[in-house]
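*Asks:* Please work out how this folds:
(one chain, ligands or ions: 1)
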Amino acid sequence: MTAVQEERTTEELKALAERAGRELEDASALDILRWAAGTFGSRFCVTSSMEDAVVAHLASRALPGVDVVFLDTGYHFEETIGTRDAVEAVMDVNVITLTPRQTVAEQDAEYGPKLHDRDPDLCCALRKVKPLEEGLKGYQAWATGLRRDESETRANTPVVGWDEKRGKVKISPIAKWSQEDVQTYVAEHGVLTNPLLMDGYASVGCAPCTRRVLEGEDARAGRWAGRSKTECGLHG
Ligand code: SF4
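*Replies:* Residues are numbered from 1 along each chain as shown. Predicted coordinates for the structure are as follows:
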């Protein structure tokens, strides 16, 4: 049986994650993804918010045709959908778009309009957390673009860790990268980025919950600005 087909118990996956987190702390992003490709094969995917395609690009070098999972909440900027389409068209990846159970109109009918303003945690649970939970079911491991320098809540992100909530290995290959490292990689490899990054946005999420950042603010200050909320629940 190859690594690709291998079934592992939750305990085995957890032990694997903890050991790899220690052993790969000083490895390059590409080597971390090569380890993921070799260990999980097609049971591994990358999730992307389509802020940029850096992790998708790195992962496609480690595993050509890798699954790239994108959550279409129904509230994205058109630039984000355009970035998704461009990634699908030009990169050696398999883009999988997940959608919530309800359209925005159906959600408005059941919960009232602008749930994001009244109860963003519920809105994120319905439009992000649940669809991702469903979408990740077939995978043993998923990769994200989380970086330690993005915010205090992400400062301790392991390069490989255990996602207790979903029972999966969670890989953050660029956890140690700075914004400058991202920009260097984008320039060196001609990686697609969301046009909004050139328009004052430092972190791109759903349109109703994202604003441009001000000078001196951290990258995620423009997300749910004015609220205590800092994460959508995908990474908590
Ligand atoms: S980021 Fe805002 S609009 Fe998007 S799912 Fe969360 S609360 Fe809803």
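*Asks:* Just give me the neighbour total for Glu11.
*Replies:* 8 (other Cβ atoms under 10 Å). For the C-beta atoms, the positions are set from N, CA and C on the backbone; glycine is no exception.
*Asks:* From the chain's centroid, how far away is the host helix or strand of it?
*Replies:* In this assignment (DSSP states H and E), Glu11 forms part of helix 10-23. Between the centre of helix 10-23 and the centre of its chain there are 20 Å (Cα atoms, centre = their mean, to the nearest Å).
*Asks:* Send over stretch 78-85 as CSV, restricted to the C-alpha atoms.
*Replies:* C-alpha atoms of stretch 78-85 as CSV (Å, rounded to 0.1, in the frame of the first residue of the first chain):
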residue,chain,number,x,y,z
GLU,A,78,-15.1,40.2,-7.8
GLU,A,79,-11.3,40.5,-7.8
THR,A,80,-11.1,37.5,-5.5
ILE,A,81,-13.3,35.4,-7.8
GLY,A,82,-11.2,36.7,-10.7
THR,A,83,-8.0,35.5,-8.9
ARG,A,84,-9.6,32.1,-8.4
ASP,A,85,-10.4,31.8,-12.1
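*Asks:* Excluding residues flanking it in the chain, which one is nearest Asn156?
*Replies:* Closest residue to Asn156 apart from its sequence neighbours, by Cβ to Cβ, 6 or more residues apart in numbering: Arg148 at 7.2 Å.
*Asks:* Test my guess that the one you found contacts Pro158.
*Replies:* No. Here Arg148 lies out of contact with Pro158, judged by Cβ atoms under 8 Å, at a distance of 9.6 Å.
*Asks:* a strand runs through Lys170, doesn't it?
*Replies:* Yes. Under DSSP: H, G, I helix; E, B strand; the rest coil, Lys170 sits within a strand.
*Asks:* burial count for the residue lying closest to it once chain neighbours are set aside?
*Replies:* Leaving out its chain neighbours, the residue that sits closest to Lys170 by Cβ to Cβ, 6+ apart is Asp163, at 4.0 Å. When neighbours are counted by other Cβ under 10 Å, Asp163 registers 19.
*Asks:* Now for Asp163: which residues touch it?
*Replies:* 142, 169-170 (Cβ atoms under 8 Å, 6 or more residues apart in numbering).
*Asks:* For the ligand, see how far away it is.
*Replies:* 19 Å (Cβ to the nearest ligand atom, to the nearest Å).
*Asks:* Could you shift the numbering so residue one becomes 745, and keep it that way?
*Replies:* All right, first residue 745 from here; so that's Asp907.
*Asks:* Just list whatever residues bridge to that residue.
*Replies:* Lys912 (DSSP bridges).
*Asks:* where along the chain do the helices fall?
*Replies:* Secondary structure of the chain (DSSP state H): helices at 754-767, 773-784, 798-806, 822-834, 848-855, 859-862, 864-868, 874-879, 923-933.
*Asks:* Which elements pack onto the first one?
*Replies:* If I follow you right, that is helix 754-767. helix 773-784, strand 904-907, strand 912-915 (3 or more Cβ pairs under 8 Å, 6 or more residues apart in numbering; DSSP states H and E).
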